[in-house]
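1. my questions concern the predicted model and sequence given below.
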Amino acid sequence: MAIHIDPLERKWIIMIAAIVLLTWVLIIYYAAVQNVHPPSNVEVIDSSRLHLASGVGGGEFMEDNLGVHRDPDGLLVVTMVAARYGFYPQHIEVPVNTPVRFRIASFDVLHGIMIPFSNMNTMVVPGYIAEVNTSFTKLGDFPLICDEYCGLGHAYMYGMIKIVPKDEFKLIAGVN
């Protein structure tokens, strides 16, 4: 006994199957050919001990260690904390067209960080370190925007990044 499918339903089934297939093809294409992958840095941290010198993270997110510095390989690293209701440090300066690694941890709840006119956009989940590698192509002052609702003061979450020419950039605590 054959099942009868209305011609209009058959067209919708074929269209939906084609859309699903096209989506799979695009995902595979971007993953294989364009090398686009979701962030895969999974580094756990104890959010309640974020500001202390001991524990997982080893003091990386202590107040004195926040900001811009160079790692042993010479890469610029920005270490930040997202907490109700701000990004710390609140003002950051980095040079244009220079690779920068952001390492961000949340002290309290889920936050997001997005910088307009760049590809910098990530979630900051309590208990994990969010790590993003990027470089900025436009000079100017840009806000750090929290794009995940984090509580009543969410709209007042403040931070600023200044992108400067390479010859004007000076590390406060070190030599370029």
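-> Everything's here; your move. Numbers count the residues shown, from 1 in each chain.
2. state the helix or strand in which the most centrally placed residue in the chain lies.
-> Centroid-nearest residue in the chain, with Cα atoms, centre = their mean: residue 122, separated by 2.8 Å. Of the helices and strands defined by DSSP states H and E, residue 122 is found in strand 121-124.
3. paired strands for that strand, with orientation please.
-> strand 111-114 (antiparallel) (DSSP bridges).
4. got the contact list for the strand it pairs with?
-> 80, 82-83, 87, 102, 104, 120-124, 130, 144-148, 150, 157, 159 (Cβ atoms under 8 Å, 6 or more residues apart in numbering). The way it works is simple: take the backbone N, C-alpha and C, and place the C-beta from them, glycine included.
5. how about 7 Å then?
-> 82, 87, 104, 120-124, 144-148, 150 (Cβ atoms under 7 Å, 6 or more residues apart in numbering).
6. now the two most distant members of these.
-> For those, the maximum inter-member distance is 17.9 Å, found between 120 and 150 (Cβ to Cβ).
7. just to revisit the earlier point, for the strand holding residue 122, the distance to its chain's centre please.
-> 4 Å (Cα atoms, centre = their mean, to the nearest Å).
8. just stretch 113-125 next, same as before
-> Counting by Cα atoms, centre = their mean, stretch 113-125 comes out at 5 Å from the chain centroid.
9. tell me the buried residues in it?
-> 113, 114, 115, 118, 120, 122, 123, 124, 125 (16 or more other Cβ atoms under 10 Å).
10. show me where the chain has helices.
-> 7-32 (DSSP state H).
11. low-confidence regions, it specifically.
-> Counting by pLDDT under 70, the chain shows low-confidence ranges at 1, 36-40, 53-58, 172-176.
12. which residues touch the closest residue to residue 136 other than its chain neighbours?
-> Counting by Cβ to Cβ, 6 or more residues apart in numbering, residue 136 lies nearest to residue 163, which is 4.6 Å off, once chain neighbours are set aside. Residue 163 makes contact with 94, 96, 136, 138, 139, 140, 142 under the criterion Cβ under 7 Å, 6+ apart.
13. the residue nearest to the centre of the chain pairs with what?
-> residue 113.
14. isn't it right next to residue 132, touching?
-> Yes - the criterion here is Cβ atoms under 7 Å, and residue 122 meets it with residue 132 at 5.1 Å.
15. buried set for stretch 80-97?
-> Buried residues in stretch 80-97, defined by neighbour count with 16+ other Cβ under 10 Å: 80-87, 89, 92-96.
16. in TSV: those, plus distance to residue 67.
-> Listed next are those as TSV, based on distance: Cβ to Cβ, whole Å:
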residue	distance to residue 67
80	8
81	11
82	14
83	15
84	20
85	20
86	14
87	11
89	5
92	7
93	9
94	11
95	14
96	18
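17. what's the most distant pair in those residues?
-> Pairwise distances across those (Cβ to Cβ) peak at 31.4 Å, for the pair 84 and 96.
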